[in-house]
Each structure stands twice: as structure tokens, then as C-alpha cells.
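In: Show me the folded form of this:
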Amino acid sequence: PVNVQGISGATAITAGFSHTCAIVAGGAVKCWGDNFRGQLGNGTETSSPVPVDVQGLSGAIDIAAGTEHTCALVVGGTIKCWGYDYSGQLGSPATTRTGPDHNPYSSVPVAVNGVGTATAVSAGADSDHTCALIAGGVIKCWGRNDNGQLGNNSTADSRAAVDVWDVNGATAVTAGGDHTCAIL
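Out: Down below sits the predicted model:
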């Protein structure tokens, strides 16, 4: 093992395909690694071997990385996401840039539409969808849905959070590659 320079007091860590992010003291978030699609959240597309601060984000209490995006749950229950947004996995129409391949992304955090009382967040590994556990035990998901991974009785992608159909009393959620599971 090697110590990551610039990280101390970490309370959570998550890894995507080629980037890593950690919540540090005070709820700030630092990320490092590949940044081709803004997945470091620092307003640039420059990769970094050392941790950089995610812009404009504080009060983070949970974090989850997908393949090329990351989402953080902040105090108060909102979720902010950054990075690749091809299938709507950022949960917001407010993506700020378009890459050389004409695909949208945001190099700074954007708020997820329709989520205000989340208690946990999970991003699909090797996929482009994200889900949140909402206070009261319902689950909302957004992003890629070609295999029904959003659980809303559809296969249409969604750029806004949609309710998972017929799930109440959930206590945990985890997003996989092309599926999502919950503990009830």
C-alpha cells in the first residue's frame, strides 16, 4: 500500500474506472486520476496523480463513483454529481460541457433534479446510472435504463430522478453494472 499524498482525515472513499474520490474533514471532497470527462470535479479536464479539490462542494456525507462520474450526498439530503453524462447519470440537464466526441459532461458538481431528502447514494459500477435511498424508505434512480436498472417499469434513460416502482421500506440500495438491488 501507498499513502495518498494530500489526503488526511478521510471519512469515505470511492473509485470509478480510472479515478478516485474521498470525503475529507469538514465534508470537502478530493479526487485524483483520469479527468477526460471532468470526473475530478475541479472545473478542468486535466488528469491529476494527486488529489484536487472538487469545486463548490462542502458538507458531503456519502459518496459513490460510477465508471466516469461521481455523486456526493450532502448535509440536508441533496445530491450533487459531476463527470460523464451520456445517459443522464448526473441527474440534471445542467451539464456544462460537451467533449470532443460530442457527449455531455460536467467538470463541476450539479444538483440532481427531484432529490431532496436522500440518506445514501450508489453509482453503478461499469454503468451509467445512479440511485439514492430517500428518507422514508423509497428509492429514486436516474441515468441509463436499457436493462430496466432504474426500476421504473421502463427502459428509457432519465436525466431526472424517478421513483423505483413498488419499493417502500428500503434500508439500503446498491447500483450494479446493469441492475440495482435494495434491502427492504
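In: quick one, phi psi at Gly26?
Out: Reported as degrees, to the nearest 10, the phi and psi values for Gly26 are phi 80, psi 0.
In: Would you mind stating the distance between it and Ala182?
Out: Gly26 sits 30 Å away from Ala182, going by CB to CB, to the nearest Å. Where C-beta positions appear, they are placed from N, C-alpha and C, glycine not excepted.
In: same question, Leu90
Out: In terms of CB to CB, Leu90 sits 22 Å off from Ala182.
In: residues contacting Asn3?
Out: With contacts defined as CB atoms under 8 Å, 6 or more residues apart in numbering, Asn3 has no neighbours.
In: nearest spatial neighbour of the residue nearest the centre of the chain, skipping sequence neighbours?
Out: Most central in the chain under CA atoms, centre = their mean is Cys71, positioned 2.3 Å from the mean C-alpha point. By the measure of CB to CB, 6 or more residues apart in numbering, the closest residue to Cys71 outside its immediate chain neighbours is Cys81, 4.0 Å from it.
In: Look up how far Asn152 lies from the closest residue to His129 other than its chain neighbours.
Out: What sits nearest to His129 in space, not counting adjacent residues and going by CB to CB, 6+ apart, is Gly143, at 3.5 Å. Per CB to CB, Gly143 is found 12 Å from Asn152.
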